[in-house]
Each structure stands twice: as C-alpha cells, then as structure tokens.
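> what shape does this take:
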Amino acid sequence: IKLLNGPNDISKMVSLISKILKYSITIEKNYTKSLKDEIEHTIYYLDLQRIRFPDKFIVKWNIDSELDSLMVPRLMFQPLLENCLTYGFREDGSLLQITISIEKRNGIVYITIKDNGPGMKNSFRGFLPAPIGNKITSDHIGLENVRKRLHLLFKGQVKTFLDTSHTGTVIRYEITIGDN
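Numbering: from 1, shown residues only. Predicted coordinates:
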C-alpha cells in the first residue's frame, strides 16, 4: 500500500477477501449469526463486487433494526445476491437495482430480496413447497441451500415465495417466530 501511495482496488480487494474468508471458515458451535453480523459480512461481499462491477448496480437496504439480534444461517445472503449479480445484469447495460427488505409484522419476519434484472427463464409466482430431505432438487442451488438451512433453523416455520412473472426476480422468506 505504501509503495502505491495509499489504498487501491487491489489492496481493497485483498482486505475484503480476507474478511470474507475469515467469516466463512471460522469454526463455531453453530452455523448461525446475528442478522446484524450477517449484514456486515454481506456488505463486505457487495463492496468486493462493486470493485468488480463499478457503477453497474446499487443496493437499497430496508431493515428493521429491532431484528439485529435475530439468528440466521451464516452466509445466508451471499448466494442470493450472487444470483442477482450473475443473472441480473441486462444486455442494455442499465443499472441493476437490488432491494433487501427485512421486517417483522404480526409475528412473522419477512426477508425479501428483489432485483430489476431480466428474471428467470420460466415464469413463476407463488410459494415453493417445503424442502424434503437433503437432496437439492432444483437447478437453483443457492436458493435451495438457503431455503433448506432456514427450514432447519426455524423448524419448518418458513415459507418461500418466488416471483419471476414480471421484470426481475423476487424471493421472500416468511419466518414465523411469534411476537417475542
């Protein structure tokens, strides 16, 4: 860094990658993190992707701060956002907009990730069936992996809503946790 007269993209990327790797490989008793910690890790991932795709996407966050201590699967958001960044860019080069909303209403936590990309090949709008067993039965490995881990953590009290029927993709997890 000193030789280059301060931080540059390479040094920033190395720093971000080291933070991401440390978070990813740290062995703990359980595989959950507070929502606040998971979001912090996700921001590192997005900062790394901003270097890779400068001025190509923006992320809007709408998060209920009362949910900061909610325990969620570690690395929950990264595969979902990776899907947005892998499949969401349009051929016309328009800005990819990703919105992440997390809120609690009537004992249900709603975690929604939405983008304005071209969407998926097959149009679908509705709730996905509960996962059965450990086998991934979809081509959407990241989506399935997160869905199964949420079902395990919240003992099946999770509904997964997917909407690819319009422009973009919406994935929403509805987690019943009660009014605690």
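> any idea how far the residue most central in space within the chain is from Asn83?
In the chain, the residue lying closest to the centroid (Cα atoms, centre = their mean) is Phe77, at 2.2 Å. Phe77 is 11 Å from Asn83, where distance means Cβ to Cβ, to the nearest Å. For glycine as for every other residue, the C-beta is placed from the backbone atoms N, C-alpha and C.
> ranges for the strands of this structure?
Taking DSSP state E, the strands of the chain run over residues 32-34, 57-63, 71-73, 96-105, 108-115, 125-128, 158-163, 169-176.
> if we look at the lowest-mean-pLDDT helix or strand in the chain, which residues are touching it?
Every helix and strand in the chain was compared by mean pLDDT, DSSP states H and E; the lowest is helix 9-25, with a mean of 80. With Cβ atoms under 8 Å, 6 or more residues apart in numbering as the test, helix 9-25 has contacts from Ile1, Leu4, His41, Tyr44, Tyr45, Asp47, Leu48, Ile51, Arg74, Leu75.
> same check, this time on stretch 166-180
By Cβ under 8 Å, 6+ apart, stretch 166-180 touches 70, 80, 83-84, 87-88, 104, 106-120, 143, 146-147, 150, 154, 157-164.
> shaky segments in this structure?
Confidence mapping of the chain against pLDDT under 70 gives the ranges 1-6, 27-29, 131-140, 180.
> how many neighbours does Ser34 have?
14 (other Cβ atoms under 10 Å).
> er, Lys60 I mean
Using other Cβ under 10 Å, Lys60 has 10 neighbouring residues.
> looks like it contacts Gln97 (just checking).
Yes: when contacts are counted by Cβ atoms under 8 Å, Lys60 is listed as touching Gln97 (7.1 Å).
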